[in-house]
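> Got a predicted structure plus its sequence, pasted below:
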Amino acid sequence: MTGGGVEDDPRDRAGDAARANAVGAGELGFLAAGSRVFAPGAADSSFRAAREWARGLLTANGPVPLVDAGELPPDAMVAAVSLVGSTTAFGEYLPGGDEPVRAVRALEGRLGERIAAVVPLNTAAENALLPLVAAASLGVPLVDGDGTGRVFPLLEQTTFALGGVTPAPLALAGPLGDVVVVDSAAQRVEELVRPLVLAAGGWVVAACYPARAGKLAESLVPGSVSRLVAAGRPGAPRAVAAPYGVRVLCSGRVTAVEQGPEPGPGRRLPSRPASILVREHGGLARLIRLEAYNEILMALADGAVAATAPDQICLISTADGTVVDVDRAAAGMDVEVVVLRAAPAWHTGAGRALGGPQVFGLGVPG
Amino acid sequence: MRLGVDAGRVATKVAALRDGALVVGVSVPARGGVAVSLRRALTALRESPALRDSLHLGDAPGLGGGPGPRGSADRRDSRGSPGSPGVRASAPGPGAGGPYGGAEAVVVTADLPAGELEPVGVLRIGAPAHAALGPLAGWPERVRGASRTAVVRGGHTLTGFPLAPLDRDAVRAFAAEAGRAGLTSFAVTAAGSPTSAAHELAAAALIAAEVPGARITLSYEFGRPGLRERENSAVLNAALRPAAERLADEAGDVLARAGIGAPLCFARNAGGLVGAEYYRRYPVVAHASAAGSALAGAVRLAGVDSAIVADASPREVRLGVVEAGRPRPGPGGGADLPGLSPGGVPLNMSLPMLRRAVLPAGREELLEGVAALRRAAPGLPSLLVGGACRKAGDAGGADRAGERPDVAAALGPDWTVPAGAELAGAVGAAAAQVSAEVERIVYATGRAELEHELADARDEALARVVSAGAAPGSARVASVSRNPLSYLPDGLYRVRVVAAGTTG
């Protein structure tokens, strides 16, 4: 990837890669690699644990069928599955293996009907693998799509929500045997769930956003799983994982990481803000300031806004091509600042209202 | 004078450094184990005219006629201090005759053979995990076969509260069963031990009572979150301990017979060294240390502090980056460090970032690796070192030079081969200083509490570096880092302290 321009549009090549219609142990490696092309927040230990868990299941149970939402009967019930909480905790308090089944069964109990398929809430790192684990454990297909097209810190920040599907009722299952069903208004979910997650061991599998397949088909970001399988194949260009476009904002060196103030009691976000300063190599030698809240939400180039959420901004290490965790960014690292255009649903008034920088308390200057 | 020993699979090399500069080195073919090779290498070194000249004439210009092929002298001017006046005085020291009497330290970099891994009693404290994530998942059968594992109730949350009381009866029952099976090496890993090691310590006491003489490794000593990696590191440490004890005994014996009274040390795989006593208890920190030693030695030989380094052994070429004298760490896991991780199981140490290629088939890979490192570390000089760094015809060496691919030709221009390049691993080992680290998770709800926790971690790192062989007066904190953990409550930090010191 070279600096400056927008990369080839992978949609032009969409027909080239034969679409996967199942994910087995063979595709798992590609999916795992593809899920990290643009994924921050993936501590190595948790990612390895999720991958080994999935490998164990796919080897024992065989491949998981991959279906388009439109291929399911329109009234089939589908639930989104996601890891919620800390990946550090996931790597330390390892899954017993029954968390996805316990979460989905509890949700089914609340709904009074069975789940016909599982859909990823997002497909970043572990979150590409856990829905696969859930589908393999339950013996149901995995829907080829997801509810964000990227990753956001808050449970309600999804295209499902933009399409009128609510996160609750939802069920959480943690590594210490706990199961909790939460049924509340969408804007209350985050506040209720975060302390429960901590009490349950720091992470849970959430089964959420129950919806009919017909409704789901209108609101999901399609094709995410098969796209990542394609993006993870050796030699695949990075842009395959960015269906709506990707550009390199700059190539430079991290010069400072500033921890923000302790969040006040009114904050809804799961952790502290941080600012990352990057000095551009060559060119205009611009100073890029990245404002982060678990994820990078805004990029300012010499004080002017160059990119904001809902587009995804990530740091890619020049050394090894991996995405640099906001937590681990440190002065001296050479990085590319890359911007991925968000799915079209995010570039609407409602989309920006749900996923834009003001949600995180960042005003847009100018 | 400091001696570095690079006990490789093909050759054992010894380098003598004075004031940080290479005085003389030798290479002998590796035969009959590390200790035997070490004895032969020391004999060869003692008989080398260059060492005699250096010790008895004390004048750097008298070093046997300049750089020559391996087996005679390779020299570099010791920057700023040619002909150190201390040399004569350092020759035969009191109570330790022979030419090494004045040696300050002997630093060994050695891989323990994978065949010498002992079976281990593996105890995990916490909730049972999916079978794919259980103790010893992914380990080769030669270790798994005779090992025993158990998962018992207990452990702590990341904020330090007990998940459950430790199931002491289950620990005793496991220890007794493992003891009956003849196991003496144990690895104990509790969920949450980077925050609280109380259950690991309690289990160790129970095991020690059941199995007299048990060697017990506790995972909190490798205290990074990520249970599987921490457990695997503890298991590998436990599996290496018997072989490490034998090596430390044998090498110590060789030194004693050679009249060398200097402390025996082992190079760490992430840079630095530890003393033999520490090595006996924590051999995993020194396992597969040759790669990092060669990187560190390359920059020292070239008189720079940062470089891209190609380390060419007869088996493969390893590429790495050194910055400010230290290898750039890799992404972690250890799978990229050859010989370190049995069966590729993930470990949790900060190891040098390496790219590897086997020539001649891997030339494309090699060049791609070089290009990637140059992108990652622009503007650094490129150094070529290692036993196979010179063309076959140039080296009158101990290796089977005729079969050797021409690494320099494969790399192309712009690579410097510093004098003494074949000895880079031994030089890097000799030049290392004592280092130790502490990593833990702390939960501190206020600034004062955090400062207290940081001070505690500093104290432990200083105590650890002294136990690793540093003279107490020399121990200092080299770095402290703390990072808040995402998606967890405020007040949870990952804290890492590195301490350093000198052996003298």
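Received, thanks.
> What average pLDDT does the helix or strand encompassing B:Ala244 get?
Assigned by DSSP states H and E, B:Ala244 belongs to helix B:227-257. Mean pLDDT, computed over helix B:227-257, is 95.
> Name the residues of that helix that are buried.
B:227-248, B:250-252, B:254-255 (16 or more other CB atoms under 10 Å in any protein chain shown). C-betas here are computed from N, CA, C, even on glycine.
> again, but for stretch A:306-323
Applying 16+ other CB under 10 Å to stretch A:306-323 flags A:306-319, A:322-323 as buried.
> Widest-spaced pair of those residues?
With CB to CB as the measure, no two of those lie farther apart than A:Pro310 and A:Ala319, at 28.8 Å.
> Give me the residue ranges of chain B where confidence is low.
The model of chain B has pLDDT under 70 over residues B:52, B:54-101, B:331-339, B:391-404.
> now the helices: where do they sit in it?
In chain B, the segments counted as helices under DSSP state H are B:33-47, B:49-52, B:86-90, B:141-144, B:168-180, B:198-210, B:227-257, B:276-281, B:290-302, B:363-376, B:407-411, B:424-431, B:447-467.
> Select, out of those, the one closest to A:Leu111.
Of those, nearest to A:Leu111 by CB to CB is helix B:227-257, at 34.2 Å.
> which residues in the stretch 51-200 of chain A form strands?
A:64-67, A:77-85, A:117-120, A:142-143, A:145-146, A:170-173, A:179-182 (DSSP state E, counting those that start in this stretch).
> what pLDDT, on average, does the third one get?
Put plainly, it is strand A:117-120. For strand A:117-120, the mean pLDDT works out to 98.
> Ok, the second one next?
Mean pLDDT, taken over the full extent of strand A:77-85, equals 96.
> re earlier: give me whichever of the strands of the stretch 51-200 of chain A is most buried.
Burial of those is given as mean neighbour count (mean count of other CB atoms under 10 Å in any protein chain shown); strand A:145-146 ranks first at a mean of 28.
> What strands flank that one, and is each parallel or antiparallel?
Strand A:145-146 sits in its sheet next to strand A:221-222 (antiparallel), going by DSSP bridges.
> What residues of the helix or strand just after the strand it pairs with count as buried?
Scanning forward in sequence from strand A:221-222 by DSSP H and E, the next helix or strand is helix A:224-231. Going by neighbour count (16+ other CB under 10 Å), the buried part of helix A:224-231 is A:Ser224, A:Val225, A:Ser226, A:Arg227, A:Leu228, A:Val229, A:Ala230, A:Ala231.
> try stretch A:327-341
Those would be A:Asp327, A:Ala329, A:Met333, A:Asp334, A:Val335, A:Glu336, A:Val337, A:Val338, A:Val339, A:Leu340, A:Arg341, for stretch A:327-341 by 16+ other CB under 10 Å.
> got the end-to-end distance for that stretch?
Chord length of stretch A:327-341, first to last residue, is 23 Å (CA to CA, to the nearest Å).
> Of all the helices of chain B, which one is nearest chain A?
Closest to chain A of the helices of chain B is helix B:363-376 (CB to the nearest CB; 3.6 Å).
> is the closest one up against chain A anywhere?
Yes - using CB under 8 Å from any CB of the partner chain, helix B:363-376 comes into contact with chain A via B:Ala372, B:Leu373, B:Arg375, B:Ala376.
> now that helix, how far from the centre of its chain.
Relative to its chain's centre, helix B:363-376 lies at 25 Å (CA atoms, centre = their mean, to the nearest Å).
> what's the answer for stretch B:165-180, then?
Centroid displacement of stretch B:165-180 relative to its chain, using CA atoms, centre = their mean, is 33 Å.
> For it, C-alpha coordinates in PDB please.
This file holds the C-alpha atoms of stretch B:165-180, laid out as PDB (Å, rounded to 0.1, in the frame of the first residue of the first chain):
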ATOM      1  CA  PRO B 165     -11.700 -20.700  47.400                       C
ATOM      2  CA  LEU B 166      -8.700 -22.700  46.400                       C
ATOM      3  CA  ASP B 167      -9.600 -26.400  46.300                       C
ATOM      4  CA  ARG B 168      -6.800 -27.500  48.500                       C
ATOM      5  CA  ASP B 169      -7.800 -31.200  48.600                       C
ATOM      6  CA  ALA B 170      -7.800 -31.300  44.800                       C
ATOM      7  CA  VAL B 171      -4.300 -29.800  44.800                       C
ATOM      8  CA  ARG B 172      -3.000 -32.400  47.300                       C
ATOM      9  CA  ALA B 173      -4.600 -35.200  45.400                       C
ATOM     10  CA  PHE B 174      -3.100 -34.100  42.100                       C
ATOM     11  CA  ALA B 175       0.400 -33.600  43.700                       C
ATOM     12  CA  ALA B 176       0.200 -37.100  45.200                       C
ATOM     13  CA  GLU B 177      -0.800 -38.700  42.000                       C
ATOM     14  CA  ALA B 178       1.900 -36.900  40.000                       C
ATOM     15  CA  GLY B 179       4.400 -37.800  42.600                       C
ATOM     16  CA  ARG B 180       3.500 -41.500  42.400                       C
END
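> For it, buried residues please.
For stretch B:165-180, the neighbour count (16+ other CB under 10 Å) marks B:Leu166, B:Asp167, B:Arg168, B:Ala170, B:Val171, B:Arg172, B:Phe174, B:Ala175, B:Ala178, B:Gly179 as buried.
> So what's the residue count around B:Ala361?
10 (other CB atoms under 10 Å in any protein chain shown).
> for A:Arg48, same thing?
Around A:Arg48 there are 23 other residues, counting by other CB under 10 Å.
> what about it, which SS state?
helix (DSSP: H, G, I helix; E, B strand; the rest coil).
> Tell me who's in contact with it.
A:Gly91, B:Arg228, B:Glu229, B:Gly333, B:Pro346 (CB atoms under 8 Å, 6 or more residues apart in numbering or on different chains).
> what's the answer for A:Val324, then?
Applying CB under 8 Å, 6+ apart, the residues contacting A:Val324 are A:Pro40, A:Cys314, A:Leu315, A:Ile316, A:Ser317, A:Met333, A:Val335.
> Distance to chain B added to those, as TSV?
TSV is the format used below for the contacts of A:Val324 (distance: CB to the nearest CB, whole Å):
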residue	distance to chain B
A:Pro40	10
A:Cys314	15
A:Leu315	14
A:Ile316	12
A:Ser317	8
A:Met333	10
A:Val335	10
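> Could you confirm whether the helix holding B:Ala244 reaches chain A?
Yes - applying CB under 8 Å from any CB, one finds helix B:227-257 touching chain A at B:Leu227, B:Arg228, B:Glu229.
> Which segments of chain A make up each domain?
For chain A, automatic domain parsing gives the domain ranges A:12-241, A:246-360.
> Could you tell me the least trusted of those domains?
Among the domains of chain A, domain A:246-360 scores lowest, with a mean of 86.
> Name the residue closest to the centre of chain B, please.
B:Arg268 (2.1 Å; CA atoms, centre = their mean).
> now do chain A
By CA atoms, centre = their mean, the most central residue of chain A is A:Val151, 3.2 Å off.
> burial of the residue nearest to it when sequence neighbours are not counted, as a residue count?
Once flanking residues are discounted, A:Val151 sits nearest to A:Ala124: 4.0 Å by CB to CB, 6 or more residues apart in numbering or on different chains. Neighbourhood size, A:Ala124 [other CB under 10 Å]: 27.
> how far away is A:Ala124 from A:Ile115?
Taking CB to CB, to the nearest Å as the measure, A:Ala124 falls 23 Å from A:Ile115.
> do B:Gly102 as well
B:Gly102 is 76 Å from A:Ile115, by CB to CB.
> again, but for B:Val322
Applying CB to CB, the value for B:Val322 to A:Ile115 is 54 Å.
> Show me which of those two is the more surrounded one.
For B:Val322 and A:Ile115, the more surrounded residue by other CB under 10 Å is B:Val322, and the numbers stand at 29 against 21.
> who's in contact with that one?
Neighbours of B:Val322 in contact, by CB under 8 Å, 6+ apart: B:Leu295, B:Ala296, B:Ala298, B:Val299, B:Asp305, B:Ser306, B:Ala307, B:Val309, B:Arg328.
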